[in-house]
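Participant: Quick check, what structure comes out for this input:
(one chain, ligands or ions: 2)
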Amino acid sequence: MAQSSMSSSKHTVVSSPGKVLLAGGYLVLERAFSGLVVATSSRFYSSATHLPSTSAAPASSTEARISVRAGQFPRKQSEWIYKLSITDGAMHLDQMNEAQAGSNKFIYLTLLQTMAVAYEKIVAEEGQGGEEAAKELLDRITQGGKTAGLDIVVLADNDFYSQREQLSALSLPTHINSLSSLEPFTPLPRPIAQTNKTGLGSSAALVTSLVASLLSHLGIVTIPSSHLSDQSTSTSDLGLVHSVAQFIHCLAQGKVGSGFDVSSAVFGTHIYTRFSPSILTPLMHDPADHIPLNAQPTLLPILDPSKWDQRNSSFRLPRGLRLILADVDAGTDTPSFVGKVLKWRKENPEVSDELWRGLDTANMQLERLLSELAGKEGERDYSGTISRMAERGIEGNEANPVANLLHEIRTTLFAIRGFQRKMSELSGVPIEPPEQTRLIDACSELPGVIGGGVPGAGGFDALFLLIIDDPSVIARVDGLWSSWKEMSVCPLLARQSDGGLRVENVGEVAGLRAALTRS
Ligand SMILES: Nc1ncnc2c1ncn2[C@@H]1O[C@H](COP(=O)(O)OP(=O)(O)O)[C@@H](O)[C@H]1O
Ligand SMILES: C[C@@](O)(CCOP(=O)(O)OP(=O)(O)O)CC(=O)O
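Facilitator: Ligands and ions are numbered 1, 2, ... in the order given. As a prediction, this is how the structure comes out:
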């Protein structure tokens, strides 16, 4: 197990999946509507172990060092070192190397607020606040003053960042199969800010896995293990990780989004209905930049999962179908899309209400059809029908309910795109721009492709296809993508996955041990 209670070798690795909002972009910002969020097989890993003491950072029971390194990026600018100390009746977190590495708001806020939650949990366990509880927290971090603190490494599967340059450096074509030739956690040449992201939600997966690995390492929560035999997690532990990660992610982004990305990083694939943004309002204004050593908790009463009202209903893609994704080489400024669409909606309530309702009906129809198809997996002709469809267009067949469902799924995907184009036309925001329409239409004509669309906020960033999971279909899609001239289309390796947050066994994740020890 990666998580062990042996004092000197305690090592906790927690991973979170990336996300694709298959349906429900913009609508999911409102509690009246839901989104279909699919978690990806590509994951973000946060590893926590002890930091050996050195003369510069001696072991101490009154302060701790916390070093966080983004393991696949150039070390000099991608290792953030902090000191956590007790001074003037509060705990303070100060970065020691800002001049060299710059700051990383997502990491800093995750450390500060997670430590604040850990402090409040210790106060609740021990019944008293103040320096005693803060010292107990420092003790857990430094293993009773025997180590300097925590050594954290964060690593994202290759899919989270564009691998175009890495493929071309190895003279590999931009094909799905080429991606598996890249070394896991391939080193990237530039710092994070100069690296192109692919839209899998790196910051949500980072914050979620880091919150979980810290709280788990410090003995505050138990996270499910990748080993099915070890399922001792309570749902309230996952709920706490969820609310803490939502809070931190909103704080770091400077806004309260729908939170579907953090929710899928915790719970995996599901139908998501957002939390009321007012839950977080008291914490969003004027957040503390230190941890006051109060006896009364300030975060836990708000982050108590029982006070949160988001809904996750179970959903998964049927067997035999595969979700494939591509990164399209043209950036989209999602925040400005959201602002513009919402402004248009506010100015045009009647037209937009009708459009939102129509799109929601199509989105929910997609969910119903996919669930109905999943319900037929046990039927005799299920696999046969699916594989026959790999070779031809998706056609209905009166005598075959599986074929009919596949055909209805295709029609619904087209209907959703129709609504998204209407949204684009009316709001002036290119949610499904004509370049994407041409590409997705061409892909949808290939035998074995059920349909596709633009995920999340849409734009020029990415596209998804729902296909029959068969090598011949993948080969056809690969061929079309690599020869497409109007935009540069680079596939991702990820497929859909149901799992959410989990503790990993280091030896069982390909390339993880090597990446953790890479200097
Ligand atoms: N591998 C990583 N290591 C450390 N921080 C990361 C990493 N990946 C992303 N981040 C943080 O997340 C930020 C990007 O967040 P954001 O722009 O919201 O992207 P996304 O849409 O992928 O979530 C980066 O500026 C950085 O602070
Ligand atoms: C518009 C949205 O409903 C969906 C945006 O989804 P994306 O997957 O496009 O998001 P980014 O990771 O920020 O690029 C906004 C929201 O739900 O917060």
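Participant: what packs against the helix or strand hosting Met423?
Facilitator: Per DSSP states H and E, Met423 falls inside helix 401-427. In terms of contacts (3 or more Cβ pairs under 8 Å, 6 or more residues apart in numbering; DSSP states H and E), helix 401-427 is packed against helix 334-347, helix 349-374, helix 382-389, helix 434-444, strand 449-453. C-beta here means a position set from N, CA and C on the backbone, and glycine is covered the same way.
Participant: residues from the stretch 401-519 of the chain in reach of ligand 2?
Facilitator: Contact residues, the stretch 401-519 of the chain versus ligand 2 (Cβ under 6 Å from any ligand atom): Pro455, Gly456, Ala457.
Participant: What segments of the stretch 1-150 of the chain are helices?
Facilitator: With DSSP state H, counting those that start in this stretch as the criterion, the stretch 1-150 of the chain has helices at 98-101, 105-126, 131-142.
Participant: Which of these has the highest mean neighbour count?
Facilitator: Ranked by mean neighbour count, the helices of the stretch 1-150 of the chain are led by helix 105-126 with a mean of 21 (mean count of other Cβ atoms under 10 Å).
Participant: what is the mean pLDDT for that one?
Facilitator: The pLDDT scores in helix 105-126 average 97.
Participant: Neighbours of the residue in the stretch 401-519 of the chain positioned nearest to ligand 2, how many?
Facilitator: Residue nearest to ligand 2 within the stretch 401-519 of the chain: Gly456 (2.4 Å; Cβ to the nearest ligand atom). Residues within reach of Gly456, counting by other Cβ atoms under 10 Å, total 26.
Participant: mind checking how far it is from Gln95?
Facilitator: 32 Å (Cβ to Cβ, to the nearest Å).
Participant: Just give the number of residues close to Phe315.
Facilitator: 20.
Participant: right, and the helices and strands packed on helix 401-427 - which one's nearest Ala169?
Facilitator: Ala169 sits nearest to helix 434-444 of all the helices and strands packed on helix 401-427, at 25.9 Å, using Cβ to Cβ.
Participant: Alongside ligand 2, which residues does the stretch 101-250 of the chain contribute?
Facilitator: Gly199, Gly201.
Participant: pLDDT weak spots in the stretch 101-250 of the chain?
Facilitator: Along the stretch 101-250 of the chain, segments meeting pLDDT under 70 span 227-233.
Participant: just the stretch 301-450 of the chain next, same as before
Facilitator: The low-confidence ranges in the stretch 301-450 of the chain, as defined by pLDDT under 70, are 330-335.
Participant: Buried ones in stretch 489-508, by neighbour count?
Facilitator: 489-504 (16 or more other Cβ atoms under 10 Å).
Participant: again, but for stretch 419-428
Facilitator: Applying a neighbour-count criterion of 16+ other Cβ under 10 Å, the buried positions in stretch 419-428 are Phe419, Gln420, Arg421, Lys422, Met423, Ser424, Ser427.
Participant: how's the protein carved up into domains?
Facilitator: 7-314+498-517, 321-497 (automatic domain parsing).
Participant: returning to that earlier point: what bridges to the closest residue to the residue of the stretch 401-519 of the chain closest to ligand 2 other than its chain neighbours?
Facilitator: For Gly456, ignoring the flanking residues on the chain, the nearest one in space by Cβ to Cβ, 6 or more residues apart in numbering is Leu21 at 4.3 Å. Per DSSP bridges, the residues bridged to Leu21 are Val37.
Participant: To what extent is Leu21 buried, counted in neighbours?
Facilitator: The number of residues near Leu21, taken as other Cβ under 10 Å, comes to 25.
Participant: cool, the one 5 residues further on as well?
Facilitator: For Tyr26, the tally of surrounding residues (other Cβ under 10 Å) stands at 26.
Participant: isn't it right next to Val338, touching?
Facilitator: Yes - applying Cβ atoms under 8 Å as the test, Tyr26 and Val338 come out as touching, 7.2 Å apart.
Participant: Quickly list what's touching both of the two.
Facilitator: Ala457 (Cβ atoms under 8 Å, 6 or more residues apart in numbering).
Participant: for ligand 1, what are the nearby residues on the protein?
Facilitator: 70, 104-107, 154, 156, 192-193, 197, 201-204, 206, 253.
Participant: Try it again at 5 Å.
Facilitator: Residues of the chain lying close to ligand 1 (Cβ under 5 Å from any ligand atom) are Ala70, Asn104, Phe106, Val154, Ala156, Lys197, Gly201, Ser202, Ser203, Leu206.
Participant: And the residues you listed, which is closest to ligand 2?
Facilitator: Of the residues of the chain next to ligand 1, the one sitting nearest to ligand 2 (Cβ to the nearest ligand atom) turns out to be Gly201, at 4.8 Å.
Participant: which ones are touching that closest one?
Facilitator: Here Gly201 is in contact with Gly18, Lys19, Asp261, Ser264, Ala265 (criterion: Cβ under 8 Å, 6+ apart).
Participant: could you redo the last one with a cut-off of 7 Å?
Facilitator: Counting by Cβ atoms under 7 Å, 6 or more residues apart in numbering, Gly201 makes contact with Gly18, Lys19, Asp261, Ala265.
Participant: Then Asn97?
Facilitator: So Asn97 contacts Trp80, Ile81 (Cβ under 7 Å, 6+ apart).
Participant: Let the chain start at 24 from now.
Facilitator: Got it, first residue is 24 now, which makes that one Asn120.
Participant: Can you report phi and psi for it?
Facilitator: When read as degrees, to the nearest 10, the backbone of Asn120 gives phi -130, psi 40.
Participant: roughly how far apart are it and Leu389?
Facilitator: 48 Å.
Participant: Equivalent analysis for Pro97, please.
Facilitator: 42 Å.
Participant: out of those two, which sits in the more crowded spot?
Facilitator: Shown here are Pro97 and Leu389; by other Cβ under 10 Å, Leu389 has more neighbours (23 against 14).
Participant: Please look at that one and Thr435 and confirm they touch.
Facilitator: Yes - contact criterion Cβ atoms under 7 Å: Leu389 and Thr435 qualify, at 4.7 Å.
Participant: Can you name the residue of the stretch 74-223 of the chain nearest ligand 1?
Facilitator: Ligand 1 sits closest to Ala93 of the stretch 74-223 of the chain, with a gap of 3.3 Å, by Cβ to the nearest ligand atom.
Participant: bridging residues for that residue?
Facilitator: Bridge pairing for Ala93 - DSSP bridges - gives Val177.
Participant: any idea how far Val176 lies from Leu229?
Facilitator: From Val176 to Leu229 the distance is 12 Å (Cβ to Cβ).
Participant: Identify the residues contacting Ile314.
Facilitator: Ala113, Met114, Met138, Ala139, Tyr142.
Participant: now with 8 Å?
Facilitator: Ile314 neighbours (Cβ under 8 Å, 6+ apart): Ala113, Met114, His115, Leu116, Leu135, Met138, Ala139, Tyr142, Ala157.
Participant: Repeat that for Leu396.
Facilitator: Here Leu396 is in contact with Pro341, Leu344, Val425, Leu428, Leu429, Ile432 (Cβ under 8 Å, 6+ apart).
Participant: Output those as JSON lines; include the columns neighbour count.
Facilitator: Output for those, formatted as JSON lines (neighbours: other Cβ atoms under 10 Å):
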{"residue": "Pro341", "neighbour count": "21"}
{"residue": "Leu344", "neighbour count": "20"}
{"residue": "Val425", "neighbour count": "23"}
{"residue": "Leu428", "neighbour count": "21"}
{"residue": "Leu429", "neighbour count": "27"}
{"residue": "Ile432", "neighbour count": "22"}
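Participant: Quick check: Leu462 vs Ser281, distance?
Facilitator: 26 Å.
Participant: So for the two, which residue has more residues nearby?
Facilitator: Ser281 (26 against 22).
Participant: so Val500 makes contact with Leu346?
Facilitator: No - applying Cβ under 8 Å as the test, Val500 and Leu346 come out as separate, 12.0 Å apart.
Participant: Give me the common contacts of these two.
Facilitator: Common neighbours of Val500 and Leu346 (Cβ under 8 Å, 6+ apart) are Leu488.
Participant: Can you classify the residue of the stretch 424-542 of the chain closest to ligand 2 by secondary structure?
Facilitator: coil (DSSP: H, G, I helix; E, B strand; the rest coil).
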